[in-house]
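[1] After the sequence you'll find the predicted model.
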Amino acid sequence: MATHAIAAAIFVLCFLVHLGAASSTSSAASSDATERWGYVKTRPNANVFWWFYKSPQRVSSAVKPWPTVLWLQGGPGGSSVGRGNFQEIGPLDVNLEPRNLTWLQNADLIFVDHPVGTGYSYVDDPIALVTTDSQAVEDIIELLRVLTKELPTLQQSPLFLVGESYGGKFAAMIGVAVLRANKAGILKVTLGGVVLGDSWVSADDHALSYGQLLHSVSRLDENAVAHTDRLAGIVKEQMLVGQFAAARKTWTDLLDYIDSRTDSVNMQNFLLDSGMNPVLAQGLEESSDSAPNKIVSIMNGIIKDKLKIIPKDLIWQEGSIDVYNALANSFMKPTINEIDELLSSGINVTVYNGQLDVICSSIGTEAWIKKLKWGGLKKFLTLPRQPLYYCDSSDCTKPIKAYVRSYQNLKFYWVLQAGHMVPVDQPYVAFKMISSVIMHES
């Protein structure tokens, strides 16, 4: 606990310095006020873009306030406003048609292009790109501080931080930062819970799982497994001595080796090859444009025109290599301690993983969960998983399955027939899962 107190004090001092210059904002709204979007200059040269959707089903009361989901994309450098919104959980899909299972049915939604330099967010000077995860978290805390004034419902609404892949790492860190900012009087937000989807929490645990997993599904032979495990062991050793940039390089070499020995297995779904896009595999409306090209087209066309405040010379991209490379020294750092702090603070933590994911595999996730120091872990690990039989009303002859284990404030969902992007591969399971999480906790 003393360690947490010292960390909290350091956070407050850093954030007060961060607040030295008042944030400037620009925003706009739809004619019916169900959508708002804008920029927050979280610090000099850093312009963070956000997009808020008010749920048409919103029913709120003092006893049971309506929840808000803040979606954080992976990468780092993937666009939440584009990918998370139009390809995963937002009200419209990439064809700009209504999504049947949008999470907007159960919560207000906020998408943010984060870290700055991602998607519609931009820097006036490359020096403003974040080089540490902590800097990226500070930007989100400042964004939330501004949004509690911009969006009147946000202070009363339970906020659920939902992160996918590297976004899950950010979600855990932001959750801890929200608790500390609340305690320091910097922020007034009710943290409803943190949801980690196929999340990059512990890089060495995931790296060590690749050989075992890919051998078990016949994508690697035993000779290749031996070299895969050797490279993963080097990753672990480098991380243990704080050589995180070197570990990232070794991890990249590991991925290259796996690619060469599997004939390019798709690390987001081992049933696919790297040339096969997992979004296209889900039967989106066929056209001459691929789904990646379509999202790029709408984000630089009709969506940009709608929003009006996006700089004319800004070209939206699905991912930013500049953002990714700027975080080279932080990329491999684990966030197990942050999850421990959330659990010990009584915050509800939900973990979910797609069965077919390799890059952030279920095996790796199970490994880092076993490293938690949380008092309820021993009991959690002894409990049996409960099968979940979801029946999509559009096709009740085809049950959609998952498993869940829950104890106190930790839940873990194993989602079958899903890869790295669970809301894409199993939208109904993802919808039922998040409905259960946010409605129960709210």
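    Yep, that arrived. Residues are numbered from 1 along each chain as shown.

[2] Name the residue most distant from the centre of the protein?
    residue 223 (34.5 Å; Cα atoms, centre = their mean).

[3] give me the number of residues near residue 327?
    Using other Cβ atoms under 10 Å, residue 327 has 23 neighbouring residues. C-betas here are computed from N, CA, C, even on glycine.

[4] I'd assumed residue 130 was in contact with it.
    Yes: at 6.8 Å, residue 327 counts as touching residue 130 under the criterion of Cβ atoms under 8 Å.

[5] Residues that sit against both of these two, list them.
    115, 136 (Cβ atoms under 8 Å, 6 or more residues apart in numbering).

[6] who's in contact with residue 411?
    Each residue near residue 411 by Cβ under 8 Å, 6+ apart is listed here: 348, 349, 350, 351, 404, 405, 437.

[7] Give me the distance from the helix or strand that the third one is a member of to the chain's centre.
    What it means is residue 350. Assessed by DSSP states H and E, residue 350 sits inside strand 349-354. Per Cα atoms, centre = their mean, to the nearest Å, the displacement of strand 349-354 from the mean C-alpha position of its chain is 11 Å.

[8] I'd like the next helix or strand past it.
    helix 362-369.

[9] Just put the contacts of residue 411 in JSON lines and tack on distance to residue 29 and pLDDT.
    Listed next are the contacts of residue 411 as JSON lines, based on distance: Cβ to Cβ, whole Å; pLDDT from 0 to 100:
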{"residue": "348", "distance to residue 29": "31", "pLDDT": "97"}
{"residue": "349", "distance to residue 29": "33", "pLDDT": "98"}
{"residue": "350", "distance to residue 29": "31", "pLDDT": "98"}
{"residue": "351", "distance to residue 29": "35", "pLDDT": "98"}
{"residue": "404", "distance to residue 29": "38", "pLDDT": "97"}
{"residue": "405", "distance to residue 29": "42", "pLDDT": "98"}
{"residue": "437", "distance to residue 29": "29", "pLDDT": "94"}
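
[10] If any of the residues you listed are buried, give me the PyMOL selection for them.
    Selection of buried members from the contacts of residue 411 for PyMOL, criterion 16 or more other Cβ atoms under 10 Å:
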select buried, resi 348+349+350+351+404+405+437
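
[11] Among the contacts of residue 411, find me the one that's closest to residue 236.
    Distances from residue 236 to those, taken as Cβ to Cβ, are shortest for residue 351 (21.4 Å).

[12] Just put the contacts of residue 411 in JSON lines and tack on distance to residue 266.
    Shown next, in JSON lines, are these (distance: Cβ to Cβ, whole Å):
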{"residue": "348", "distance to residue 266": "32"}
{"residue": "349", "distance to residue 266": "28"}
{"residue": "350", "distance to residue 266": "26"}
{"residue": "351", "distance to residue 266": "22"}
{"residue": "404", "distance to residue 266": "26"}
{"residue": "405", "distance to residue 266": "28"}
{"residue": "437", "distance to residue 266": "28"}
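
[13] helix or strand for the closest residue to residue 300 other than its chain neighbours, which one?
    Nearest residue to residue 300, sequence neighbours excluded (Cβ to Cβ, 6 or more residues apart in numbering): residue 316, at 5.2 Å. Under DSSP H and E, no helix or strand contains residue 316.

[14] show me what contacts residue 316?
    Per Cβ under 8 Å, 6+ apart, neighbours of residue 316: 79, 82, 119, 120, 296, 299, 300, 304, 310.

[15] Now do the phi/psi pair for it.
    Backbone torsions for residue 316, taken as degrees, to the nearest 10, come to phi -70, psi 140.

[16] Roughly how far does it sit from residue 86?
    Distance from residue 316 to residue 86, counting by Cβ to Cβ, to the nearest Å: 11 Å.

[17] tell me, what's touching these two both at once?
    residue 299.

[18] Residue 180 belongs to a helix?
    Yes: counting by DSSP: H, G, I helix; E, B strand; the rest coil, residue 180 falls inside a helix.

[19] so what pLDDT did it get?
    Note on residue 180: pLDDT of 97.

[20] what residues are up against the closest residue in space to residue 334 that isn't next to it in sequence?
    Excluding the flanking residues, the one nearest residue 334 by Cβ to Cβ, 6+ apart is residue 202, at 4.5 Å. Residues in contact with residue 202, defined by Cβ under 8 Å, 6+ apart, are 334, 335, 336, 364, 367, 368, 371.

[21] Measure how buried the fourth one is and give me the count.
    Okay, so that is residue 364. Neighbours of residue 364 under the rule other Cβ under 10 Å: 28.

[22] My guess is it contacts residue 205. True?
    Yes: Residue 364 is within contact range of residue 205, at 4.4 Å (criterion: Cβ under 8 Å).

[23] how about the strands in the protein?
    Applying DSSP state E to the chain gives strands spanning 24-29, 35-43, 46-53, 68-72, 108-112, 122-123, 158-164, 190-197, 349-354, 386-390, 400-407, 410-415.
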